[in-house]
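Visitor: the following block contains a protein sequence and its predicted model.
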Amino acid sequence: MTGTLVPSLICTLAVICVSAQAELKSKSCTEVRKAYGSKGFNLNDVPHQGVSGVHLKVCPQGSSCCTVEMEEKLSQQSRSDLKAPVNQLSSSLQSTFTQRHRHFDQFFRELLDNAERSLNDMFIRTYGLMYVQNSELFKHFFRELKRYYAVGGVSLEDMLAEFWADLLERMFRLVNVQYQFSDEYMECVSKHTEQLRPFGDVPRKIKMQITRAFVAARTFTQGLAMIPEVVSKVSTVNASPSCVRAAMKMMYCPYCSGQVSLKPCRNYCLNVMKGCLANQADLDTEWNNFLDAMLNLAERLEGPFNFESVMDPIDVKISEAIMNMQENSMQVSQKVFQGCGQPKPSPGFRSRRTVREGAFAGRFRPYSPDARPTTAAGTSLDRLVTDVKKKLKHAKKFWSTLPESVCTGERITTGDECWNGTAKSRYESVVMGNGLANQGANPDVEVDITKPDSVIRQQIMSLRVMTNKLKSAHSGNDVAFIDVTEEASGEESGSGCEAGQCTPDFDFQTPVTMKPQEEKEEVRRVG
(Lines give C-alpha, C1' and ligand atoms only; values in the text may rest on other atoms or scores of the structure.)
Protein backbone atom coordinates (compact mmCIF):
# COMPACT_ATOMS: atom_id res chain seq x y z
CA MET A 1 0.00 0.00 0.00
CA THR A 2 2.78 2.35 0.99
CA GLY A 3 4.61 1.59 -2.17
CA THR A 4 1.58 2.70 -4.16
CA LEU A 5 1.03 6.06 -2.28
CA VAL A 6 4.58 7.35 -2.61
CA PRO A 7 4.69 7.35 -6.41
CA SER A 8 1.19 8.84 -6.46
CA LEU A 9 2.18 11.73 -4.11
CA ILE A 10 5.34 12.41 -6.10
CA CYS A 11 3.30 12.55 -9.27
CA THR A 12 0.78 14.99 -7.74
CA LEU A 13 3.51 17.34 -6.48
CA ALA A 14 5.16 17.22 -9.85
CA VAL A 15 1.93 18.24 -11.55
CA ILE A 16 1.49 21.18 -9.14
CA CYS A 17 5.06 22.34 -9.69
CA VAL A 18 4.71 22.07 -13.43
CA SER A 19 1.39 23.98 -13.24
CA ALA A 20 2.93 26.79 -11.12
CA GLN A 21 5.89 27.10 -13.44
CA ALA A 22 3.57 27.21 -16.42
CA GLU A 23 1.58 30.04 -14.78
CA LEU A 24 4.72 32.04 -14.14
CA LYS A 25 5.98 31.54 -17.69
CA SER A 26 2.59 32.35 -19.22
CA LYS A 27 2.49 35.86 -17.58
CA SER A 28 4.07 38.27 -20.02
CA CYS A 29 5.67 41.37 -18.47
CA THR A 30 6.09 43.28 -21.74
CA GLU A 31 3.68 46.10 -20.83
CA VAL A 32 5.23 46.37 -17.36
CA ARG A 33 8.68 46.77 -18.93
CA LYS A 34 7.40 49.63 -21.12
CA ALA A 35 5.69 51.44 -18.23
CA TYR A 36 8.63 50.90 -15.88
CA GLY A 37 11.13 52.14 -18.47
CA SER A 38 9.02 55.24 -19.20
CA LYS A 39 9.68 56.35 -15.63
CA GLY A 40 13.41 56.31 -16.24
CA PHE A 41 14.18 53.02 -14.51
CA ASN A 42 16.51 50.32 -15.84
CA LEU A 43 14.64 47.73 -17.91
CA ASN A 44 17.00 45.04 -16.62
CA ASP A 45 15.11 45.24 -13.29
CA VAL A 46 11.98 43.79 -14.96
CA PRO A 47 11.66 40.10 -15.78
CA HIS A 48 10.35 39.18 -19.24
CA GLN A 49 7.88 36.75 -17.70
CA GLY A 50 6.27 36.35 -14.28
CA VAL A 51 8.41 35.31 -11.34
CA SER A 52 7.64 34.30 -7.77
CA GLY A 53 6.63 37.29 -5.63
CA VAL A 54 7.36 35.57 -2.35
CA HIS A 55 9.97 38.16 -1.40
CA LEU A 56 7.78 41.20 -2.06
CA LYS A 57 7.00 43.35 1.00
CA VAL A 58 4.00 45.38 -0.19
CA CYS A 59 2.42 43.84 -3.27
CA PRO A 60 0.73 40.37 -3.59
CA GLN A 61 3.27 37.55 -3.39
CA GLY A 62 1.91 35.25 -6.09
CA SER A 63 3.04 35.22 -9.68
CA SER A 64 4.45 38.70 -10.27
CA CYS A 65 6.19 40.94 -12.77
CA CYS A 66 7.87 42.71 -9.85
CA THR A 67 11.17 41.96 -8.16
CA VAL A 68 12.30 43.25 -4.79
CA GLU A 69 14.47 45.86 -6.54
CA MET A 70 11.50 47.06 -8.58
CA GLU A 71 9.31 47.32 -5.50
CA GLU A 72 11.88 49.47 -3.73
CA LYS A 73 12.27 51.84 -6.69
CA LEU A 74 8.52 52.07 -7.29
CA SER A 75 8.08 52.76 -3.58
CA GLN A 76 10.41 55.77 -3.91
CA GLN A 77 8.53 56.84 -7.03
CA SER A 78 5.21 56.61 -5.19
CA ARG A 79 6.47 59.08 -2.60
CA SER A 80 7.02 61.64 -5.38
CA ASP A 81 3.78 60.73 -7.13
CA LEU A 82 1.88 61.15 -3.87
CA LYS A 83 3.25 64.65 -3.28
CA ALA A 84 2.90 65.84 -6.88
CA PRO A 85 -0.87 66.55 -7.01
CA VAL A 86 -0.87 67.97 -3.46
CA ASN A 87 2.07 70.25 -4.33
CA GLN A 88 0.37 71.31 -7.54
CA LEU A 89 -2.81 72.33 -5.72
CA SER A 90 -0.83 74.00 -2.92
CA SER A 91 1.42 75.86 -5.37
CA SER A 92 -1.63 77.17 -7.21
CA LEU A 93 -3.08 78.45 -3.93
CA GLN A 94 0.28 80.00 -2.97
CA SER A 95 0.63 81.70 -6.32
CA THR A 96 -2.92 83.08 -6.19
CA PHE A 97 -2.45 84.84 -2.86
CA THR A 98 1.18 85.84 -3.42
CA GLN A 99 -0.09 87.70 -6.48
CA ARG A 100 -3.05 89.23 -4.60
CA HIS A 101 -0.77 90.37 -1.78
CA ARG A 102 1.55 92.00 -4.29
CA HIS A 103 -1.37 93.78 -5.96
CA PHE A 104 -2.74 95.16 -2.68
CA ASP A 105 0.65 96.12 -1.33
CA GLN A 106 1.60 97.89 -4.56
CA PHE A 107 -1.77 99.65 -4.63
CA PHE A 108 -1.53 100.97 -1.06
CA ARG A 109 2.06 102.13 -1.49
CA GLU A 110 1.37 103.87 -4.80
CA LEU A 111 -1.74 105.50 -3.38
CA LEU A 112 0.33 106.97 -0.56
CA ASP A 113 2.92 108.24 -3.06
CA ASN A 114 0.19 109.72 -5.23
CA ALA A 115 -1.45 111.42 -2.23
CA GLU A 116 1.85 112.98 -1.17
CA ARG A 117 2.62 114.14 -4.69
CA SER A 118 -0.89 115.57 -5.09
CA LEU A 119 -0.65 117.49 -1.81
CA ASN A 120 2.74 118.89 -2.74
CA ASP A 121 1.53 120.07 -6.16
CA MET A 122 -1.66 121.57 -4.77
CA PHE A 123 -0.01 123.34 -1.85
CA ILE A 124 2.71 124.84 -4.04
CA ARG A 125 0.02 126.28 -6.31
CA THR A 126 -2.18 127.40 -3.42
CA TYR A 127 0.24 128.57 -0.70
CA GLY A 128 3.47 129.11 -2.61
CA LEU A 129 6.54 130.07 -0.58
CA MET A 130 4.76 129.68 2.75
CA TYR A 131 4.25 125.97 1.99
CA VAL A 132 7.75 125.46 0.60
CA GLN A 133 9.25 126.87 3.81
CA ASN A 134 7.13 124.45 5.89
CA SER A 135 7.04 121.47 3.54
CA GLU A 136 9.12 119.30 5.90
CA LEU A 137 6.12 119.08 8.24
CA PHE A 138 4.03 117.47 5.51
CA LYS A 139 6.85 115.24 4.31
CA HIS A 140 7.20 113.94 7.86
CA PHE A 141 3.43 113.33 7.95
CA PHE A 142 3.62 111.04 4.92
CA ARG A 143 6.85 109.39 6.06
CA GLU A 144 5.16 108.33 9.28
CA LEU A 145 2.10 107.04 7.44
CA LYS A 146 4.32 104.99 5.13
CA ARG A 147 6.36 103.70 8.06
CA TYR A 148 3.20 102.63 9.87
CA TYR A 149 1.97 100.75 6.81
CA ALA A 150 5.33 99.13 6.04
CA VAL A 151 6.70 98.16 9.44
CA GLY A 152 4.43 99.54 12.17
CA GLY A 153 5.89 101.02 15.32
CA VAL A 154 3.92 104.24 14.85
CA SER A 155 1.02 105.37 17.01
CA LEU A 156 -1.29 106.97 14.48
CA GLU A 157 -3.14 108.87 17.16
CA ASP A 158 0.06 110.37 18.62
CA MET A 159 1.50 111.10 15.18
CA LEU A 160 -1.63 112.97 14.10
CA ALA A 161 -1.79 114.91 17.36
CA GLU A 162 1.83 116.01 16.87
CA PHE A 163 1.15 116.96 13.25
CA TRP A 164 -1.76 119.25 14.15
CA ALA A 165 0.11 120.75 17.12
CA ASP A 166 3.13 121.47 14.91
CA LEU A 167 0.92 122.92 12.17
CA LEU A 168 -0.86 125.12 14.71
CA GLU A 169 2.47 126.41 16.05
CA ARG A 170 3.72 127.33 12.59
CA MET A 171 0.47 128.97 11.54
CA PHE A 172 0.08 130.76 14.86
CA ARG A 173 3.48 132.38 14.39
CA LEU A 174 2.59 133.34 10.82
CA VAL A 175 -0.71 134.99 11.72
CA ASN A 176 0.92 136.77 14.67
CA VAL A 177 4.20 137.93 13.17
CA GLN A 178 3.99 141.15 15.22
CA TYR A 179 4.72 139.15 18.37
CA GLN A 180 7.65 137.08 19.56
CA PHE A 181 6.99 133.73 21.22
CA SER A 182 9.29 131.73 23.47
CA ASP A 183 9.44 127.93 23.37
CA GLU A 184 7.58 127.82 26.68
CA TYR A 185 4.80 129.99 25.25
CA MET A 186 4.42 127.75 22.18
CA GLU A 187 4.37 124.72 24.47
CA CYS A 188 1.35 126.29 26.14
CA VAL A 189 -0.29 126.78 22.75
CA SER A 190 0.35 123.16 21.73
CA LYS A 191 -1.09 121.78 24.97
CA HIS A 192 -4.40 123.49 24.23
CA THR A 193 -4.71 122.47 20.56
CA GLU A 194 -7.77 120.27 21.12
CA GLN A 195 -9.51 122.88 23.26
CA LEU A 196 -8.81 125.66 20.79
CA ARG A 197 -10.07 123.64 17.81
CA PRO A 198 -8.28 126.01 15.41
CA PHE A 199 -8.80 123.66 12.47
CA GLY A 200 -12.46 123.03 13.11
CA ASP A 201 -13.67 119.43 13.03
CA VAL A 202 -11.17 118.32 10.37
CA PRO A 203 -8.56 116.77 12.76
CA ARG A 204 -11.17 114.61 14.48
CA LYS A 205 -12.53 113.39 11.14
CA ILE A 206 -9.08 112.70 9.72
CA LYS A 207 -8.01 110.82 12.86
CA MET A 208 -11.05 108.56 12.63
CA GLN A 209 -10.66 108.03 8.89
CA ILE A 210 -6.91 107.44 8.83
CA THR A 211 -6.90 105.17 11.87
CA ARG A 212 -9.68 102.98 10.53
CA ALA A 213 -8.35 102.95 6.96
CA PHE A 214 -4.71 102.21 7.82
CA VAL A 215 -5.46 99.59 10.46
CA ALA A 216 -7.73 97.73 8.05
CA ALA A 217 -5.37 98.05 5.05
CA ARG A 218 -2.24 97.03 6.93
CA THR A 219 -3.82 94.09 8.75
CA PHE A 220 -5.53 92.84 5.58
CA THR A 221 -2.24 92.97 3.68
CA GLN A 222 -0.53 91.07 6.49
CA GLY A 223 -3.30 88.47 6.30
CA LEU A 224 -2.79 88.05 2.56
CA ALA A 225 0.95 87.61 3.13
CA MET A 226 0.28 84.90 5.69
CA ILE A 227 -1.65 82.61 3.35
CA PRO A 228 1.33 81.60 1.15
CA GLU A 229 3.46 81.29 4.30
CA VAL A 230 1.08 78.79 5.88
CA VAL A 231 0.63 76.84 2.65
CA SER A 232 4.40 76.67 2.17
CA LYS A 233 5.03 75.32 5.66
CA VAL A 234 2.19 72.80 5.51
CA SER A 235 3.26 71.54 2.09
CA THR A 236 6.72 70.66 3.47
CA VAL A 237 5.25 68.07 5.85
CA ASN A 238 6.67 64.70 4.77
CA ALA A 239 4.58 61.60 4.21
CA SER A 240 4.95 58.90 6.85
CA PRO A 241 6.45 55.48 5.94
CA SER A 242 3.02 53.86 6.31
CA CYS A 243 1.58 56.47 3.93
CA VAL A 244 4.30 55.81 1.33
CA ARG A 245 3.64 52.08 1.68
CA ALA A 246 -0.09 52.63 1.12
CA ALA A 247 0.59 54.86 -1.90
CA MET A 248 2.91 52.25 -3.39
CA LYS A 249 0.27 49.56 -2.97
CA MET A 250 -2.41 51.78 -4.55
CA MET A 251 -0.38 53.10 -7.49
CA TYR A 252 2.06 50.39 -8.50
CA CYS A 253 0.98 47.01 -7.23
CA PRO A 254 -1.17 46.65 -10.38
CA TYR A 255 2.15 46.64 -12.29
CA CYS A 256 3.13 43.46 -10.51
CA SER A 257 0.05 41.66 -11.85
CA GLY A 258 0.74 43.01 -15.33
CA GLN A 259 -2.17 45.48 -15.25
CA VAL A 260 -0.29 48.73 -15.79
CA SER A 261 -3.37 50.68 -16.94
CA LEU A 262 -5.51 49.63 -13.96
CA LYS A 263 -6.38 52.64 -11.77
CA PRO A 264 -7.45 52.57 -8.11
CA CYS A 265 -11.11 52.64 -7.05
CA ARG A 266 -12.20 56.15 -6.03
CA ASN A 267 -13.13 55.22 -2.45
CA TYR A 268 -9.87 53.29 -2.11
CA CYS A 269 -7.96 56.38 -3.21
CA LEU A 270 -9.98 58.54 -0.79
CA ASN A 271 -9.11 56.36 2.19
CA VAL A 272 -5.41 56.38 1.29
CA MET A 273 -5.38 60.15 0.89
CA LYS A 274 -7.49 60.79 4.00
CA GLY A 275 -4.95 58.76 5.96
CA CYS A 276 -1.95 60.44 4.37
CA LEU A 277 -3.44 63.96 4.70
CA ALA A 278 -5.06 63.51 8.11
CA ASN A 279 -2.94 66.19 9.79
CA GLN A 280 -3.54 68.69 7.00
CA ALA A 281 -7.30 68.20 7.32
CA ASP A 282 -7.08 69.24 10.99
CA LEU A 283 -5.94 72.67 9.79
CA ASP A 284 -9.32 73.25 8.14
CA THR A 285 -11.30 74.70 11.08
CA GLU A 286 -8.82 77.47 11.90
CA TRP A 287 -8.14 78.00 8.21
CA ASN A 288 -11.84 78.63 7.54
CA ASN A 289 -12.13 80.91 10.61
CA PHE A 290 -9.15 82.89 9.34
CA LEU A 291 -10.66 83.24 5.85
CA ASP A 292 -14.00 84.35 7.34
CA ALA A 293 -12.15 87.04 9.31
CA MET A 294 -10.38 88.12 6.12
CA LEU A 295 -13.70 88.39 4.30
CA ASN A 296 -15.17 90.46 7.13
CA LEU A 297 -12.20 92.81 7.11
CA ALA A 298 -12.50 93.10 3.33
CA GLU A 299 -15.86 94.76 3.96
CA ARG A 300 -13.99 97.48 5.86
CA LEU A 301 -11.94 98.12 2.74
CA GLU A 302 -15.19 98.76 0.88
CA GLY A 303 -16.84 100.91 3.55
CA PRO A 304 -16.80 104.66 4.21
CA PHE A 305 -13.36 104.48 5.88
CA ASN A 306 -11.69 102.66 2.99
CA PHE A 307 -8.07 103.51 2.25
CA GLU A 308 -8.65 104.98 -1.19
CA SER A 309 -11.49 107.33 -0.25
CA VAL A 310 -9.51 108.53 2.79
CA MET A 311 -6.13 109.13 1.16
CA ASP A 312 -7.09 110.33 -2.29
CA PRO A 313 -8.55 113.69 -1.09
CA ILE A 314 -6.24 114.09 1.94
CA ASP A 315 -4.69 117.23 0.44
CA VAL A 316 -8.10 118.89 0.22
CA LYS A 317 -8.97 117.93 3.79
CA ILE A 318 -5.74 119.34 5.23
CA SER A 319 -6.16 122.48 3.14
CA GLU A 320 -9.67 122.83 4.54
CA ALA A 321 -8.18 122.71 8.04
CA ILE A 322 -5.68 125.45 7.13
CA MET A 323 -8.49 127.61 5.76
CA ASN A 324 -10.43 127.10 9.00
CA MET A 325 -7.41 128.36 10.93
CA GLN A 326 -7.10 131.38 8.65
CA GLU A 327 -10.73 132.32 9.02
CA ASN A 328 -10.68 131.86 12.81
CA SER A 329 -7.19 133.22 13.44
CA MET A 330 -8.39 136.28 15.35
CA GLN A 331 -10.60 134.29 17.72
CA VAL A 332 -7.92 131.60 18.19
CA SER A 333 -5.26 134.20 18.94
CA GLN A 334 -7.45 135.94 21.50
CA LYS A 335 -8.14 132.65 23.31
CA VAL A 336 -4.41 131.87 23.38
CA PHE A 337 -3.56 135.32 24.72
CA GLN A 338 -6.14 134.88 27.46
CA GLY A 339 -4.92 131.40 28.40
CA CYS A 340 -1.17 131.68 27.90
CA GLY A 341 -0.66 135.41 28.50
CA GLN A 342 -0.11 138.47 26.33
CA PRO A 343 3.00 137.96 24.18
CA LYS A 344 5.74 140.51 23.78
CA PRO A 345 5.83 142.62 20.62
CA SER A 346 8.44 141.54 18.12
CA PRO A 347 11.48 143.92 18.16
CA GLY A 348 11.72 146.11 15.10
CA PHE A 349 8.33 145.06 13.79
CA ARG A 350 7.04 147.97 11.71
CA SER A 351 4.70 146.48 9.17
CA ARG A 352 0.99 147.06 9.54
CA ARG A 353 0.13 143.98 7.51
CA THR A 354 -3.14 142.38 8.33
CA VAL A 355 -3.33 138.94 9.79
CA ARG A 356 -4.38 137.46 6.45
CA GLU A 357 -1.47 139.03 4.61
CA GLY A 358 0.94 137.22 6.91
CA ALA A 359 -0.91 133.96 6.72
CA PHE A 360 -1.14 131.19 4.16
CA ALA A 361 -2.67 133.06 1.24
CA GLY A 362 -4.74 131.45 -1.44
CA ARG A 363 -7.78 129.38 -2.14
CA PHE A 364 -8.27 126.10 -3.89
CA ARG A 365 -10.73 124.49 -6.26
CA PRO A 366 -13.44 122.37 -4.61
CA TYR A 367 -12.59 118.66 -4.66
CA SER A 368 -14.39 116.60 -7.29
CA PRO A 369 -13.95 112.81 -7.09
CA ASP A 370 -14.65 112.48 -10.82
CA ALA A 371 -11.91 114.95 -11.65
CA ARG A 372 -9.19 112.85 -10.00
CA PRO A 373 -9.59 109.12 -10.75
CA THR A 374 -6.97 107.02 -9.01
CA THR A 375 -4.19 105.49 -11.07
CA ALA A 376 -2.56 103.59 -8.20
CA ALA A 377 -1.30 100.26 -9.54
CA GLY A 378 -3.53 100.80 -12.56
CA THR A 379 -6.66 99.70 -10.72
CA SER A 380 -9.08 100.67 -7.96
CA LEU A 381 -9.59 99.33 -4.47
CA ASP A 382 -13.11 98.16 -5.29
CA ARG A 383 -11.84 95.97 -8.13
CA LEU A 384 -9.06 94.51 -5.97
CA VAL A 385 -11.43 93.71 -3.11
CA THR A 386 -14.06 92.14 -5.37
CA ASP A 387 -11.42 89.88 -6.90
CA VAL A 388 -9.77 88.82 -3.64
CA LYS A 389 -13.11 88.05 -1.96
CA LYS A 390 -13.83 85.49 -4.68
CA LYS A 391 -10.43 83.89 -4.13
CA LEU A 392 -10.86 83.81 -0.34
CA LYS A 393 -14.26 82.12 -0.64
CA HIS A 394 -12.85 79.60 -3.09
CA ALA A 395 -9.99 78.74 -0.70
CA LYS A 396 -12.34 77.68 2.10
CA LYS A 397 -12.23 73.97 3.04
CA PHE A 398 -9.08 73.62 0.95
CA TRP A 399 -7.39 71.20 3.35
CA SER A 400 -10.35 68.95 4.12
CA THR A 401 -11.20 68.57 0.43
CA LEU A 402 -7.65 67.75 -0.69
CA PRO A 403 -8.37 64.00 -0.88
CA GLU A 404 -11.35 64.65 -3.19
CA SER A 405 -9.24 67.07 -5.25
CA VAL A 406 -6.50 64.44 -5.66
CA CYS A 407 -8.73 61.42 -6.22
CA THR A 408 -10.26 62.60 -9.46
CA GLY A 409 -9.85 62.43 -13.22
CA GLU A 410 -7.24 60.09 -14.64
CA ARG A 411 -5.88 59.19 -11.22
CA ILE A 412 -8.84 56.93 -10.38
CA THR A 413 -11.49 54.72 -11.98
CA THR A 414 -15.18 54.93 -11.16
CA GLY A 415 -17.31 51.81 -11.01
CA ASP A 416 -16.27 48.28 -10.00
CA GLU A 417 -13.61 47.57 -12.64
CA CYS A 418 -10.84 49.13 -10.55
CA TRP A 419 -7.88 48.26 -8.32
CA ASN A 420 -9.02 47.73 -4.72
CA GLY A 421 -5.59 47.05 -3.25
CA THR A 422 -5.50 43.33 -3.92
CA ALA A 423 -7.29 42.72 -7.21
CA LYS A 424 -9.39 44.18 -10.00
CA SER A 425 -12.69 44.31 -8.16
CA ARG A 426 -15.12 46.44 -6.20
CA TYR A 427 -13.80 48.31 -3.12
CA GLU A 428 -15.95 47.36 -0.13
CA SER A 429 -14.53 49.38 2.79
CA VAL A 430 -16.26 52.45 4.24
CA VAL A 431 -14.67 55.83 3.49
CA MET A 432 -13.16 57.42 6.62
CA GLY A 433 -13.98 60.90 7.90
CA ASN A 434 -11.55 63.84 7.76
CA GLY A 435 -8.81 64.54 10.27
CA LEU A 436 -6.44 62.59 12.46
CA ALA A 437 -9.02 61.42 15.01
CA ASN A 438 -11.03 59.63 12.32
CA GLN A 439 -8.17 57.49 11.00
CA GLY A 440 -7.92 54.94 13.77
CA ALA A 441 -9.82 52.36 11.72
CA ASN A 442 -8.48 53.34 8.30
CA PRO A 443 -8.20 50.00 6.42
CA ASP A 444 -5.48 51.16 4.05
CA VAL A 445 -3.12 53.43 6.01
CA GLU A 446 -1.71 52.88 9.47
CA VAL A 447 -2.10 56.23 11.24
CA ASP A 448 -0.91 56.99 14.77
CA ILE A 449 -3.71 59.25 15.94
CA THR A 450 -1.85 60.02 19.19
CA LYS A 451 0.98 61.92 17.45
CA PRO A 452 -0.22 65.03 15.59
CA ASP A 453 2.34 66.72 13.35
CA SER A 454 4.06 69.61 15.15
CA VAL A 455 4.35 71.83 12.05
CA ILE A 456 0.61 71.55 11.41
CA ARG A 457 -0.19 72.30 15.06
CA GLN A 458 2.09 75.33 14.92
CA GLN A 459 0.28 76.67 11.87
CA ILE A 460 -3.08 76.09 13.52
CA MET A 461 -2.00 78.33 16.40
CA SER A 462 -0.56 80.94 14.02
CA LEU A 463 -3.86 81.09 12.16
CA ARG A 464 -5.75 81.43 15.44
CA VAL A 465 -3.56 84.38 16.49
CA MET A 466 -3.93 86.07 13.11
CA THR A 467 -7.70 85.57 13.15
CA ASN A 468 -7.89 87.45 16.46
CA LYS A 469 -5.86 90.28 14.96
CA LEU A 470 -8.14 90.48 11.94
CA LYS A 471 -11.18 90.64 14.20
CA SER A 472 -9.56 93.39 16.26
CA ALA A 473 -8.75 95.37 13.12
CA HIS A 474 -12.35 94.97 11.99
CA SER A 475 -13.39 96.63 15.27
CA GLY A 476 -10.98 99.49 14.60
CA ASN A 477 -8.29 98.45 17.07
CA ASP A 478 -4.69 98.96 16.02
CA VAL A 479 -2.79 95.68 16.04
CA ALA A 480 0.94 95.38 16.65
CA PHE A 481 2.77 93.01 14.34
CA ILE A 482 6.27 91.74 14.86
CA ASP A 483 6.58 90.11 11.45
CA VAL A 484 4.25 87.64 9.83
CA THR A 485 7.11 85.30 8.94
CA GLU A 486 8.74 85.55 12.37
CA GLU A 487 5.53 85.15 14.31
CA ALA A 488 4.52 82.03 12.42
CA SER A 489 8.05 80.65 12.29
CA GLY A 490 10.02 78.41 14.52
CA GLU A 491 12.05 75.32 14.03
CA GLU A 492 11.27 72.64 11.49
CA SER A 493 8.87 69.75 12.02
CA GLY A 494 9.14 68.47 15.55
CA SER A 495 9.71 71.87 17.14
CA GLY A 496 6.26 72.05 18.69
CA CYS A 497 4.18 75.21 19.06
CA GLU A 498 5.34 78.79 19.27
CA ALA A 499 6.88 80.26 22.35
CA GLY A 500 4.53 81.40 25.04
CA GLN A 501 2.48 78.22 25.11
CA CYS A 502 1.55 78.52 21.43
CA THR A 503 -0.28 81.84 21.87
CA PRO A 504 2.05 84.83 21.33
CA ASP A 505 0.64 88.05 22.70
CA PHE A 506 -0.58 90.82 20.47
CA ASP A 507 -0.95 94.40 21.52
CA PHE A 508 -3.84 96.77 20.93
CA GLN A 509 -2.46 100.28 20.66
CA THR A 510 -5.23 102.58 19.55
CA PRO A 511 -8.67 101.45 20.72
CA VAL A 512 -11.38 103.28 18.85
CA THR A 513 -14.07 100.63 19.08
CA MET A 514 -17.60 101.91 18.79
CA LYS A 515 -20.95 100.29 19.17
CA PRO A 516 -22.79 99.72 15.86
CA GLN A 517 -25.16 102.65 16.42
CA GLU A 518 -22.29 104.95 17.40
CA GLU A 519 -20.41 103.91 14.29
CA LYS A 520 -23.38 104.72 12.06
CA GLU A 521 -23.57 108.16 13.63
CA GLU A 522 -19.82 108.65 13.09
CA VAL A 523 -20.09 107.65 9.43
CA ARG A 524 -22.92 110.17 9.00
CA ARG A 525 -20.89 112.96 10.64
CA VAL A 526 -17.65 112.20 8.81
CA GLY A 527 -19.44 111.80 5.51
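Guide: Sure thing, it's come through.
Visitor: bridging residues for C265?
Guide: T413 (DSSP bridges).
Visitor: so where is this protein shaky, pLDDT-wise?
Guide: 1-26, 348-378, 481-527 (pLDDT under 70).
Visitor: what do you get if the cut-off is 80, keeping everything else the same?
Guide: Low-confidence segments of the chain, defined by pLDDT under 80: 1-27, 304, 347-379, 480-527.
Visitor: what about the strands in it?
Guide: 51-52, 63-64, 179-180, 344-345 (DSSP state E).
Visitor: right, and those - which one's nearest L129?
Guide: Of all the strands of the chain, strand 179-180 sits nearest to L129, with 21.3 Å by C-beta to C-beta. To be clear about C-beta, it is placed using only N, CA and C from the backbone, and glycine gets the same treatment.
Visitor: for the closest one, which strands pair with it and how are they oriented?
Guide: Going by DSSP bridges, the partners of strand 179-180 are strand 344-345 (antiparallel).
Visitor: which residues does the partner strand contact?
Guide: 178-180 (C-beta atoms under 8 Å, 6 or more residues apart in numbering).
Visitor: so how many other residues sit close to the nearest residue to R300 once chain neighbours are set aside?
Guide: Once flanking residues are discounted, R300 sits nearest to A216: 4.1 Å by C-beta to C-beta, 6 or more residues apart in numbering. As a burial measure, A216 scores 24 neighbours (other C-beta atoms under 10 Å).
Visitor: A216: what's it in contact with?
Guide: Here A216 is in contact with 297, 300-301, 305-307, 473-474 (C-beta under 8 Å, 6+ apart).
Visitor: so which of those residues comes closest to R143?
Guide: F307 (17.5 Å).
Visitor: hang on, that closest one packs against L381?
Guide: Yes. At 6.3 Å, F307 counts as touching L381 under the criterion of C-beta atoms under 8 Å.
Visitor: find the residues that touch each one of the two.
Guide: Common neighbours of F307 and L381 (C-beta under 8 Å, 6+ apart) are L301.
Visitor: okay, these two: which has more neighbours?
Guide: F307 (26 against 22).
Visitor: can you tell me how far that one sits from K57?
Guide: 60 Å (C-beta to C-beta, to the nearest Å).
Visitor: N477 - how many residues pack around it?
Guide: So N477, with other C-beta under 10 Å, has 20 neighbours.
Visitor: dihedrals phi and psi, it?
Guide: Backbone torsions of N477, given as degrees, to the nearest 10, read phi -90, psi 130.
Visitor: from now on call the first residue 73
Guide: Sure thing, new numbering starts at 73, so read that last one as N549.
Visitor: that one touches T283, doesn't it?
Guide: No. Judged on C-beta under 8 Å, N549 makes no contact with T283 at a distance of 9.5 Å.
Visitor: circling back: now, of the contacts of strand 416-417, which are buried?
Guide: Using 16 or more other C-beta atoms under 10 Å as the burial test, the contacts of strand 416-417 include Y251 as buried.
Visitor: can you put the contacts of strand 416-417 in a markdown table and add distance to A509?
Guide: Below are the contacts of strand 416-417 laid out as a markdown table (distance: C-beta to C-beta, whole Å):
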| residue | distance to A509 |
| --- | --- |
| Q250 | 81 |
| Y251 | 77 |
| Q252 | 78 |
